[in-house]
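> Show me the folded form of this:
(one chain, ligands or ions: 1)
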Amino acid sequence: MQFARIAGLGKSLPDKVLDNLELEKMVDTSDEWITTRTGISQRRILGKDKGSSELGAKAAINALKNADVAPDKVDLIIVTTVTPDTIFPSTACYIQKKIKAKNAACFDLSAACAGFVYGLACAEKFIISGMYKTILVVSTEVMSSIVDWTDRSTCVLFGDGAGAAVLTASKKESFLATYLGSNGSYTDMLYVPAGGSKYSVTKEVLDNHDNCIRMRGNELFRLAVRAMADAAQNALELAKVPIDDIKLLIPHQANNRIITAIASRLKLPKEKVYVNIEKYGNMSAASSAIAFCEAWEDGLIKKGDIIVTAVFGAGLVWGSNVIRWV
Ligand code: UT7
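Model prediction:
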């Protein structure tokens, strides 16, 4: 039996910073409102005519370097994104070309902000089944391409970025448990109305900004807290790991108040909860991937530590992995 472990993590962020003061000039908002209601001070913006594969490829190359794995050793690339370069081919194929991972199979996975945890779950299962030995999971988002820059209730929240993990076969067990959940009765809570097969992009769609994010933020808030706290608890139960054994919780970074509420529900002290939302805002699936990478870069993750992810997003979907760092 072979297990799977994370052998390397990487990230990529665009250089352009959009801070709250600049947003004050664009919509009726204030730095004070954004920081107190969300914890966000700034976010990164990729800029026109660049796709999520550009960020994803850079994050993938960094993760491969950190794992000391050559691109041609990658058996599978799983990309999780709600902002693919094109409807098809998959962004995974664009990334494959950019990083020269010529021996990899490729596909995209759609699980919105929960994508990284869903991606890790798939990669781990492919490895323990014996089908593959080396898998790249890339969560990459250009949220700025689907944000309505006239809607203050959403445009202040999102940013662009990519995070990646290389999973390899291992003799030691590392993924102790994974819990995934979904509830399709809430598809209208957070979505992009047009641009898919049901409503194609017309002039009317563009005039109404129906190709952009719609969100019922206030209602989502409560659901997000409950779903992420429950996901972490369920995964910990499956892993038979008591909450006190957690070294670090890495939650989706949608709102600092959501993260605080999850920590309080789980009775976790704040030094055990990783937060970087102030620098980047909500980057959908890339948020937890980048948070994981930065926690590792910051030296917060050591051999033997128990790391728990908790994510939540459009669908609704949610999930959690319990990982022993080996
Ligand atoms: O990543 C996927 C998951 N995403 C989430 O889980 C997001 C969850 N939701 C949230 O994080 C929060 O609900 C928001 C940050 C989106 C909004 O915060 P809130 O405290 O729930 O605010 P609200 O929507 O209840 O709005 C409060 C007030 C409203 O004004 P009135 O009606 O009280 O006069 C809004 O119009 O704040 C107003 N408002 C703003 N004011 C200044 C909304 N956006 C802004 C803004 N600047 N950017």
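> Can you get me a residue count around the residue in the chain that the ligand sits nearest to?
Among the residues of the chain, residue 217 lies closest to the ligand, at 2.7 Å counting by C-beta to the nearest ligand atom. The C-beta positions use only the backbone N, C-alpha and C, and glycine is treated the same way. By other C-beta atoms under 10 Å, the residues close to residue 217 number 16.
> contacting residues for residue 245?
Residues in contact with residue 245 (C-beta atoms under 8 Å, 6 or more residues apart in numbering) are residue 306.
> Got phi/psi on it?
Backbone torsions of residue 245, given as degrees, to the nearest 10, read phi -80, psi -10.
> ok, then the element right after the host helix or strand of residue 207?
Applying DSSP states H and E as the criterion places residue 207 in helix 203-208. As assigned by DSSP H and E, the chain's next helix or strand after helix 203-208 is strand 214-215.
> This structure against the ligand: which residues are in contact?
Selection of the chain residues close to the ligand by C-beta under 6 Å from any ligand atom yields 29, 33-34, 37-38, 113, 152-153, 156, 190, 217-218, 220-221, 224, 254-255, 258, 282, 312-313.
> taking the residues you listed one by one, which sit in strands?
Restricting the residues of the chain next to the ligand to those inside strands, with DSSP state E as the criterion, leaves 190, 312-313.
> three-state assignment of residue 102?
coil (DSSP: H, G, I helix; E, B strand; the rest coil).
> Next up, the contacts around it.
By C-beta under 8 Å, 6+ apart, the residues touching residue 102 are 71-72, 96.
> likewise residue 134?
Contacts for residue 134 (C-beta under 8 Å, 6+ apart) come out as 69, 73-76, 166-169.
> now do residue 31
Residue 31 makes contact with 19-21, 24, 41 under the criterion C-beta under 8 Å, 6+ apart.
> Okay, it and residue 19: tell me how far apart.
As for residue 31, its distance to residue 19 is 8 Å (criterion: C-beta to C-beta, to the nearest Å).
> what's the offset of the helix ranked longest in the chain from the middle of its chain?
When the chain is scanned for its longest helix (criterion: DSSP state H), the result is helix 217-239. Centroid displacement of helix 217-239 relative to its chain, using C-alpha atoms, centre = their mean, to the nearest Å, is 16 Å.
> Same question for stretch 255-268.
Taking C-alpha atoms, centre = their mean, one finds the center of stretch 255-268 at 18 Å from the center of the full chain.
> Between helix 217-239 and the one helix or strand residue 264 maps to, find me the angle.
For residue 264, the element it lies in under DSSP H and E is helix 256-266. Taking axes from the mean of the first three to the mean of the last three C-alpha atoms, to 10 degrees, one finds that helix 256-266 is oriented at 40 degrees with respect to helix 217-239.
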